[in-house]
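[1] sequence first, then the predicted structure:
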Amino acid sequence: MKNLYKLLFVISVLVTGCSRSDVDLVFKQTPDERMSEQQQQFNQMLIQAQYGWKITNSTLLKGNFGFYMDFDFDGKKDRVCMVSDINDTSSTVVQVSAYRVKLVNAPILSFETYNYIHLLSDPNPGVSGGVVGQGFKGDNEFEFVRVTPDSMFLAGRKFRTEMILVKATKQEQEAYLNGGYLANIKAVKAVFASNKVSVFDYGGVTYQIIPNTGARRVGIMSVVNNEIKLSSGNFSYSVNGMELSDRVQIGNTFITKILLEDNKLFVQTKSGEKIEVRSSQTALLPLNQMIGLSYMGLNLPFLANLPGTNPAGTTILKQLSLLVLAYPNSYDKSEINLVWDVPNKKIIMEGLLFKGNSIYATRFRYDYDFNPTTGLYKLSNKIVLAPGYATYNVSLLDTFLQNNEFALDYYFDSGNMYGKITSKNGSTVMTFMLY
Amino acid sequence: MKIFCITLSFLLVLVATGCRKKEKVDFEFNKELDYTPTELDNWLTKTFTDPYNLEVVYRFDRYKGAIDENLVPAQENKVKEQMRMVLSGYVQPYEIAGGKTFVKKCVPKEWVLFGSYSIQSDGSRVLATASGGRNITLYEVNAVNIADPEAVRPRLKTLHHEFTHTLSQIQRLPLEFENISRADYTESWRNATLYPDKDNDSLGFVSRYARANVMEDFAETAGFLLAYGQLWFDNKAGKVPKSGYDILKKKETAVVNYFRDQFGVDFRKLQREVAFAMYNEFNDKSSQSFEYWFFNQGLFDTKLSYNTATVSADVKTAVDNFKAAVYAYSASAKYVVQDLTYIFTPANATAGTLVVSVPFRSGTNPVIYADYNFTYTQDPVNHSISFVKAAQGTGANYTNANFFMASFMTNVSGYLTGSSFKVDWSVSKPDISRRDETFFNSGGFYKAGDRTSYLNFQLLKVRK
């Protein structure tokens, strides 16, 4: 009996000693397998668009940009070809680079070698503009957010910029790859330019389109019961026209696209309604009724000599830029603002000097008188709000404002709309951005 | 019981050993993470990974750079340019001068490339970083242009600078070097008002950055000696005050000794190989030419001596004829020519004057001179030079010159003005190349189209 126990003991040692317990998988696959499955799935989704994708990608500093991309085009694995509306070259020359769907916590789409999309994030402003160290704050890597049968929504990993991909058709693909993109962008600008003022009617209301191709924004304005309504948003170009993001409102709906068909522009609403855009020689409201209400005022960017400015105007406006150019180590750039304070009938002139994150402001305030019959402004009672460092370099503008009556109008050029100051005798004309 | 014990121990052994498994670990990296290798990947593998076990990471990986900075990846065509620069301007020269083993052991294993610059919050740009003796990260790869030697040189300097850091992380800097400028390093090396270039020069710093601390000084000295070359270094040293010259030369010696003693690297050979790569691969033709350093930079003494020169037989015959004529001029004085000194005075980059000055004497009387004037024009593109006899001046030397004018015109002047010449280093030794030790020690000119007729002068570097 004693031996039997011993034998049982030995048998139990033998039986249990070698047994291995297998890992009990909750989802029947290892995490590695499951992740890899997800990764393949997303990669497959990118590849499956037979004719590639029409893409809108946002940046934090400079609005939206349009792209066309084809992943694994011509069966070339891990390669993507693209064009973009960033500049004339990028919209015509197709460029190829490497991409991958990688696993970093979640599957991400990474553009691994340089292509047009990196022009938006390049930290060197010499490449395509933007801010030192940041570019336009665009992303290189994108997480997958959601997917519908014909589109995908991605979010940038660093700046959470949006990337929206919509499947392209065969015709669209052909246009994108064969120079149709730039031709379309130019055609859209040309229609805006020849229209002078672009308007359309919807629900009994006339709307005016205010494109700003430099800033990649478009505004829609209307006057209802003497009340100005302005709604604006970022846009990017596609091969069909313009794609609007944000909620640009007309009536109770939104505009999603401005389409170009047979050299005519059409506004497309969210529900797919198409309204033809017509041309007009006059704006809905003169600028002197909009300033201070729809626009804060006039702005002159650094070194800008905007179309419409005459030589006398250039002399006045470049004065501050010259200071920056003379002291490149002290200042990065300058700007001039004229801000309308309509309720108090005051205009504030700002000469701003920028260095790194600091802004040094010179501010003068004037009382103004507006004569609705002649349309002329007359300024008086100058008060120095802040002396700043620009006092002696905005002196020409200051003298002009104090000694001249001037008119304020729109100025139209290449489809863009600017604000124009003309002296009473017409000898000085200065053009500004509206903001 | 005994049997039981034996059985038990046998079984225990069986239990203990029976379950030992010899299978490999049941894990494989996710193959989906791999990419399909492109032509570029294959080239990198063949050129770097297979022979040297280096990995080149050019595909964007946020975690390989500073995480808080915005970086973009490199352009694929620029990756190849950058890595060609690494190969011929850095790896291969070290392989030749230090050996295969040295390269395999010491060259960092991971090379990370980013297309843009990396800019820090204070606005300073990082060109490259070296860490742990294992990694080198290069920025601004998209700006690389290997067709432009002036763009390659500073990048190559950065590379050699960083690798010198790597080496000094393996073997301590020599005390010999540490003691030279110990008192002159400063944290505020960027401040050009407190520390003007003039002071840096007379204190013997090869660059402003070298003044930061001894590690940077060492890396800068080695970096400039390699990427900018010995001629550049001597030219720099020759133009600063004597105190600076002495210190720079001391530092140079310390660097050369360190490479030899600690790593068995022939630094001089390394310099020549890098210079050759710059010349051969990166189009560094004009700033490695004889005329650049002689006429343009004034690195060498512009008084060239015939006595120490090597000349072809026809030149020797002509000069001997002239000497004989001088000797025969006066049966009583029996003038003996001591030398012919070719004195060049550049007026600008391409033209100037040449005076052939002939010292001669009668017996043991004092040496007197006969001077003959020429002008020259030099074409840096074709490396050619041509001479024209110019009007003689006035004074004793010119009066003396008249005595032997006829023979001089036939023999010496006739040769110089008879054809145009090509200038180059070591014209008397067509069989030695830029990679040879003595190549840059002599230079002169030979008849255009006839390499066997030449004057090759020994060159003497000038200093303050």
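    Sure, I can see it.

[2] ranges for the helices of the stretch 151-300 of chain A?
    Secondary structure of the stretch 151-300 of chain A (DSSP state H, counting those that start in this stretch): helices located at A:170-177, A:180-195, A:287-290.

[3] export those helices to TSV and tack on mean neighbour count?
    (Glycine included, C-beta is placed from N, CA and C.) Formatted as TSV, the helices of the stretch 151-300 of chain A follow (neighbours: other C-beta atoms under 10 Å in any protein chain shown):
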stretch	mean neighbour count
helix A:170-177	18
helix A:180-195	18
helix A:287-290	19
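
[4] and these, which one averages the lowest pLDDT?
    The stretch with the lowest mean pLDDT among those is helix A:287-290, at a mean of 84.

[5] packing partners of that one?
    Helix A:287-290 makes packing contacts with strand A:406-413 when contacts are defined by 3 or more C-beta pairs under 8 Å, 6 or more residues apart in numbering or on different chains; DSSP states H and E.

[6] contacts for the strand it packs on?
    Outside strand A:406-413, the residues that touch it by C-beta atoms under 8 Å, 6 or more residues apart in numbering or on different chains are A:193, A:196-197, A:283, A:286-288, A:291, A:307-308, A:374-377, A:417-424, A:431.

[7] can you list the residue ranges for strands in the stretch 51-200 of chain B?
    B:55-57, B:110-113, B:118-119, B:125-126, B:128-131, B:135-138 (DSSP state E, counting those that start in this stretch).

[8] a markdown table for those, including mean pLDDT and mean neighbour count?
    What follows is the strands of the stretch 51-200 of chain B, written out as a markdown table (pLDDT from 0 to 100; neighbours: other C-beta atoms under 10 Å in any protein chain shown):
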| stretch | mean pLDDT | mean neighbour count |
| --- | --- | --- |
| strand B:55-57 | 94 | 17 |
| strand B:110-113 | 94 | 21 |
| strand B:118-119 | 84 | 20 |
| strand B:125-126 | 83 | 16 |
| strand B:128-131 | 84 | 17 |
| strand B:135-138 | 91 | 22 |
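
[9] for these, give me TSV that also has distance to B:Gly204.
    Shown next, in TSV, are these (distance: least, C-beta to C-beta, whole Å):
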stretch	distance to B:Gly204
strand B:55-57	37
strand B:110-113	33
strand B:118-119	31
strand B:125-126	27
strand B:128-131	25
strand B:135-138	28
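
[10] which one of these lies nearest to chain A?
    strand B:118-119 (4.5 Å; C-beta to the nearest C-beta).

[11] what is the closest one packed up against?
    By 3+ C-beta pairs under 8 Å, 6+ apart, strand B:118-119 packs against strand B:125-126.

[12] quick one: is the strand it packs on near chain A?
    No. Using C-beta under 8 Å from any C-beta of the partner chain, strand B:125-126 never reaches chain A; the gap is at least 9.5 Å.

[13] longest strand in chain A, please.
    As assigned by DSSP state E, the longest strand anywhere in chain A is strand A:358-371.

[14] list the buried residues for it?
    Residues of strand A:358-371 classed as buried: A:Tyr360, A:Ala361, A:Thr362, A:Arg363, A:Phe364, A:Arg365, A:Tyr366, A:Tyr368 (neighbour count, 16 or more other C-beta atoms under 10 Å in any protein chain shown).

[15] out of those residues, which is nearest to B:Asn77?
    Among these, A:Tyr360 lies closest to B:Asn77 (C-beta to C-beta), at 43.4 Å.

[16] can you tell me how far that closest one sits from A:Ile291?
    Computed as C-beta to C-beta, to the nearest Å, the A:Tyr360 to A:Ile291 distance reads 26 Å.

[17] check A:Phe432 too.
    Applying C-beta to C-beta to A:Phe432 and A:Ile291 gives a distance of 11 Å.

[18] overlap in contacts of these two?
    A:Leu298, A:Gly419.

[19] could you chop chain B up by domain?
    Split into domains by automatic domain parsing, chain B comes to B:35-287, B:293-458.

[20] next, the distance between the ends of stretch B:46-62.
    Using C-alpha to C-alpha, to the nearest Å, the gap from the first to the last residue of stretch B:46-62 comes to 26 Å.

[21] sounds good, over and out.
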